[in-house]
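Student: next one to model:
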Amino acid sequence: MRKTKIGKLSAVNIALPGLRAACLLLTLLPMVAQAETPQEKGLAIALEADRRDSGWQNQTASLKMVLRNRHGQESVRQIRNKALEVDGDGDKSLNIFDSPRDIK
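Tutor: Numbering: from 1, shown residues only. Below you'll find the model as predicted:
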């Protein structure tokens with residue numbers, strides 16, 4: 001290192017090639033340490049998605065669906081949706097058509 005005086009200020013000059021090499025090494029080191037196969041990476045993503053999806057327990061929603069044909073005629077449906085998270089068995093959902101009553 002070499003100190004240089006600029007007016008009343010002093011600055012430390014660091015060799016740029018050495019600094020660049022150190023930055024490059026610190027940047028690449030985590031990539032080498034975390035190298036994994038595509039299968040391992042895919043499994044890690046799937047496990048993380050599953051972990052984030054658990055714990056919501058249940059939800060309900062009320063929906064209004066409007067169906068329009070090409071002539072502009074409308075059919076309106078009122079729907080309730082209920083969903084339940086079941087540990088070890090996946091998620092269950094139920095759609096209930098409240099109106100019109102003839103929907104099966």
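Student: lowest-scoring secondary structure element of this structure by mean pLDDT?
Tutor: strand 9-13 (a mean of 48; mean pLDDT, DSSP states H and E).
Student: can you pull out the helices in the chain?
Tutor: 16-33, 38-53 (DSSP state H).
Student: lowest mean pLDDT across the ones you listed, which one is that?
Tutor: Between those, the lowest average pLDDT goes to helix 16-33, which shows a mean of 65.
Student: any idea how far Ala44 is from Gly88?
Tutor: Between Ala44 and Gly88 the computed distance is 22 Å (Cβ to Cβ, to the nearest Å). C-beta coordinates here come from the backbone N, C-alpha and C atoms, glycine included.
Student: more neighbours: which of those two?
Tutor: Using other Cβ atoms under 10 Å as the criterion, Ala44 and Gly88 rank with Ala44 on top: 11 against 4.
Student: state the distance from the more buried one to Pro38.
Tutor: Applying Cβ to Cβ to Ala44 and Pro38 gives a distance of 11 Å.
Student: any idea what the closest residue to Asn58 other than its chain neighbours is bridged to?
Tutor: Nearest residue to Asn58, sequence neighbours excluded (Cβ to Cβ, 6 or more residues apart in numbering): Leu84, at 4.8 Å. Counting by DSSP bridges, Leu84 forms beta bridges with Asn58, Lys92.
Student: distance of Leu84 relative to Asp50?
Tutor: 17 Å.
Student: again, but for Glu36
Tutor: Counting by Cβ to Cβ, the gap from Glu36 to Asp50 is 18 Å.
Student: what's the burial count for Val66?
Tutor: Counted with other Cβ under 10 Å, residues neighbouring Val66 total 8.
Student: err, Leu67, not the other one
Tutor: So Leu67, with other Cβ under 10 Å, has 9 neighbours.
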